[in-house]
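**Q** Pasted the sequence and its predicted model underneath.
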Amino acid sequence: MQLGAFSISLAVKDLEASRQFYYKFGFSDKGGDPSQGWLVLSNGDTVIGLFQGMFEKNILTFNPGWDQQAQALPEFSDVRELQKKLKAEGVTLIEQADESGSGPGYFTCEDPDGNPILVDQHV
């Protein structure tokens, strides 16, 4: 099962304060739009998203079809394929991708401790 790029999406109270804090750890801007309340920072292959006012909890995020630099992979497990496998394993999904579709799509679930997981395909 190829989950693609991994990042953690952090629910932050003050976007700029969080940005400056993570700069001290060697992170730099990779993308995002501060006027919309979100930024993506990276340090090598480590990626974190900072999101102010968008969700309540931190989220584990997987991006099928992307490598850690958000470059499209030539081959990958489609989000709908991953969704079917997890459902077959008994994982309860909160939101589901349209299994008849193709291209971008996502699904969400929670681990046994209530940690949100987002599998978000952009290609």
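**A** Great, that's in hand.

**Q** L82 in helix, strand or coil?
**A** Of the three states, L82 takes helix according to DSSP: H, G, I helix; E, B strand; the rest coil.

**Q** Give me the pLDDT for it.
**A** pLDDT for L82: 98.

**Q** Who are the contact partners of K87?
**A** With contacts defined as Cβ atoms under 8 Å, 6 or more residues apart in numbering, K87 is in contact with L93. All C-beta spots, glycine's among them, are computed from the backbone N, C-alpha and C.

**Q** Count residues in the vicinity of S7, would you?
**A** Residues near S7, counting by other Cβ atoms under 10 Å, number 23.

**Q** Equivalent analysis for the one 4 residues further on, please.
**A** Other residues lying near A11 total 17 when counted by other Cβ under 10 Å.

**Q** Repeat that for E56.
**A** Residues near E56, counting by other Cβ under 10 Å: 8.

**Q** Might you report the residue contacts of it?
**A** For E56, the contact set (Cβ under 8 Å, 6+ apart) comprises A11.

**Q** where's it, which helix or strand?
**A** Secondary structure from DSSP states H and E places E56 outside every helix and strand.

**Q** What separation do you get for it and G114?
**A** As judged by Cβ to Cβ, to the nearest Å, E56 and G114 stand 11 Å apart.

**Q** One more: F21?
**A** F21 sits at a distance of 25 Å from G114 (criterion: Cβ to Cβ).

**Q** Over to S7?
**A** When S7 is compared with G114 (using Cβ to Cβ), they lie 19 Å apart.

**Q** and if you look at F6?
**A** Between F6 and G114 the distance, using Cβ to Cβ, works out to 19 Å.

**Q** With neighbour numbers in mind, choose between the two.
**A** Remark: of F6 and G114, F6 carries more neighbours, 14 against 7, as counted by other Cβ under 10 Å.

**Q** so who does the more buried one touch?
**A** 47, 60-63, 68.

**Q** Rebuild those as TSV, extending it with neighbour count, pLDDT and secondary structure.
**A** Formatted as TSV, the contacts of F6 follow (neighbours: other Cβ atoms under 10 Å; pLDDT from 0 to 100; DSSP: H, G, I helix; E, B strand; the rest coil):
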residue	neighbour count	pLDDT	secondary structure
V47	23	96	strand
L60	16	98	strand
T61	21	97	strand
F62	19	97	strand
N63	24	97	strand
Q68	15	94	coil
